[in-house]
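Student: turn this into a model:
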Amino acid sequence: PSQKEFRAEDLKVEQQMGAPILQVEIGIFGSHSQKELQLAVLHPRRLVTYTVQAVPTEEGGSDTFFQLSLLNKHSLNRSAFNFTYGGFGGAKGKDLIAVQSLDGEITIIEQDKISFSVFLPDFLVPGPLCYVPYPNDVFVTVNSQFDCQVAHPYLLLLCDVRR
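Tutor: Residues are numbered from 1 along each chain as shown. I've put the predicted structure just below:
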């Protein structure tokens, strides 16, 4: 068996982001369409969302490449570690984003604005972050021993901000 040689058409998208990339996800992050998926890119101090558009090649063949167009850019007050997304609080037709910082702050981003930020209680080190929509609407993280046992309901985080 021989390996296939790479061609220029194998590259579907390439774009200079200007900062290291920590995480990339696909979801409904923009307010202009509930059907088109967008790309969310986490950098150390910002989260950027893009629309992804297919562009046919000049030759008119079946090959296409993809172009990223800036949708939103959110500056973060703290250094990011990771993020998760989903319909927090029962949101329908859109994905909200929760960015976890290195020091335990969760920043909730709703499409074109930062909604709120709150620190996780009893936080020591950042770890995996997961959103579980049903039945509890919670964020699942780990404790300092990396035991998966910490759940933070979205509504309680929201209440902590309003106190």
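Student: and Gly89, that one's in a strand?
Tutor: No: counting by DSSP: H, G, I helix; E, B strand; the rest coil, Gly89 is not part of a strand but helix.
Student: so Gly27 sits right up against Leu96, yeah?
Tutor: No: taking CB atoms under 8 Å as the contact criterion, Gly27 and Leu96 are not neighbours in contact, 9.3 Å apart. C-beta coordinates here come from the backbone N, C-alpha and C atoms, glycine included.
Student: what is in contact with the two at once?
Tutor: Residues touching both Gly27 and Leu96 by CB atoms under 8 Å, 6 or more residues apart in numbering: Tyr85.
Student: tell me who's in contact with the spatially most central residue of the chain.
Tutor: For the chain, the residue sitting closest to the mean C-alpha position, by CA atoms, centre = their mean, is Ala40 at 4.8 Å. With CB under 8 Å, 6+ apart as the criterion, the residues that contact Ala40 are 24-27, 29, 47-49, 83, 85, 97.
Student: Gly27 and Leu96: which has the busier surroundings?
Tutor: For Gly27 and Leu96, the more surrounded residue by other CB atoms under 10 Å is Leu96, and the numbers stand at 21 against 17.
Student: not including adjacent chain positions, what is the nearest residue to that one?
Tutor: Nearest residue to Leu96, sequence neighbours excluded (CB to CB, 6 or more residues apart in numbering): Phe88, at 4.5 Å.
Student: residues touching that neighbour, list them.
Tutor: Phe88 is in contact with 96, 98, 108, 131, 137, 154, counting by CB under 8 Å, 6+ apart.
Student: same check, this time on Ala98
Tutor: 83-85, 88, 106-109, 129, 131, 139.
Student: go on, Ile114?
Tutor: When contacts are counted by CB under 8 Å, 6+ apart, Ile114 is found next to 74, 107-108.
Student: please redo it, this time with the cut-off set to 10 Å
Tutor: 47, 74-77, 97, 99, 107-108 (CB atoms under 10 Å, 6 or more residues apart in numbering).
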